[in-house]
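Peer 1: Turn this into a model:
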Amino acid sequence: MAKVMKTVKSIKVDADKCSGCRACEIACSAFHATPKYSSINPARARIQIIRYPLRDIWMPVFAGEYTPAECMGRPSYVIDGKEYPECDFCRASCPARNRFKEPDSLLPLKCDMCESDPPEKEPLCVQWCLEDVLTYEEREEEVEEGIEIEDVEAGLLAMVDKYGLQKILDTATRISQNVVTFESK
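Peer 2: Numbering: from 1, shown residues only. The predicted model follows:
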């Protein structure tokens with residue numbers, strides 16, 4: 001594959017500033033509601049605030065790539081000298097956790113940086129962050145162009161294996177209807 005320059009979008013997190021207000025979750029779930037802004041359900045948000053009350057720690061975590069299998073390593077995190085054995089801080093939508101899954105279909109969710117037409121100036125979680133915890137960044141980076149079709153097939157096969165072919169087809173039909181409705185507006 002050829003390498004091309006591409007704009008890479010990311011959100012920087014300063015967890016020391018997070019107060020746990022969850023405005024980011026509300027804005028994200030409203031943006032991704034169908035129709036857009038028709039409801040608020042933080043379970044549908046692509047960002048979730050992880051809280052450890054004994055240490056008064058709040059940590060925004062974004063939905064990342066789907067992983068077809070549970071992590072073998074079960075990484076732990078050390079914050080202020082205390083080890084957290086759970087995998088809450090992982091960005092992946094994982095079969096081992098209930099985070100970042102569409103509540104009705106259980107299909108994995110992934111942050112899309114609030115892509116829309118017309119495009120947002122920056123993702124809504126960043127716009128609504130009251131404590132300046134989230135900072136939107138764009139940078140030019142050399143990346144390989146194109147998508148390996150084997151990767152797409154592997155992902156689809158994993159989802160069919162996990163959720164069944166009919167559920168995947170129903171979801172694809174529902175999404176395509178929403179796309180047609182969105183494009184006709």
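
Peer 1: Spatially central residue in this structure, please.
Peer 2: Relative to the mean C-alpha position of the chain, the nearest C-alpha, by Cα atoms, centre = their mean, is the one of residue 63, at 2.5 Å.

Peer 1: what are the ranges of the helices in the protein?
Peer 2: Listed in chain order, the helices of the chain (DSSP state H) span 23-31, 124-128, 149-163, 165-184.

Peer 1: how about the closest residue to residue 162 other than its chain neighbours, phi and psi?
Peer 2: Nearest residue to residue 162, sequence neighbours excluded (Cβ to Cβ, 6 or more residues apart in numbering): residue 95, at 6.7 Å. Just so you know, the C-beta spots here come from the backbone N, C-alpha and C atoms, and that holds for glycine as well. According to degrees, to the nearest 10, the main-chain angles of residue 95 amount to phi -60, psi -20.

Peer 1: what's the neighbour count on residue 95?
Peer 2: 17 (other Cβ atoms under 10 Å).

Peer 1: could the helices of the chain go into TSV alongside distance to residue 11 and mean neighbour count?
Peer 2: Shown next, in TSV, are the helices of the chain (distance: least, Cβ to Cβ, whole Å; neighbours: other Cβ atoms under 10 Å):
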stretch	distance to residue 11	mean neighbour count
helix 23-31	10	22
helix 124-128	6	21
helix 149-163	23	12
helix 165-184	24	12
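
Peer 1: for the ones you listed, which one sits closest to residue 101?
Peer 2: Residue 101 lies closest to helix 149-163 among the helices of the chain, at 10.2 Å (Cβ to Cβ).

Peer 1: avg pLDDT for the closest one?
Peer 2: What helix 149-163 shows for mean pLDDT is 81.

Peer 1: and for stretch 91-102, what are the contacting residues?
Peer 2: 44, 46, 48, 61-71, 87-88, 90, 107-110, 162 (Cβ atoms under 8 Å, 6 or more residues apart in numbering).

Peer 1: coming back round to it: just the pLDDT for the residue nearest to the centre of the chain.
Peer 2: For residue 63, the predicted pLDDT is 91.

Peer 1: Residue 164 versus that one, what's the distance?
Peer 2: For residue 63, the distance to residue 164 equals 22 Å [Cβ to Cβ, to the nearest Å].

Peer 1: picking that back up, so which of the contacts of stretch 91-102 belong to strands?
Peer 2: Of the positions in the contacts of stretch 91-102, 48, 61-62 sit in strands, assigned by DSSP state E.

Peer 1: In JSON lines: those residues, plus distance to residue 9 and neighbour count.
Peer 2: Shown next, in JSON lines, are the ones in strands among the contacts of stretch 91-102 (distance: Cβ to Cβ, whole Å; neighbours: other Cβ atoms under 10 Å):
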{"residue": "48", "distance to residue 9": "19", "neighbour count": "21"}
{"residue": "61", "distance to residue 9": "17", "neighbour count": "18"}
{"residue": "62", "distance to residue 9": "12", "neighbour count": "22"}
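
Peer 1: Perfect, I'm done here.
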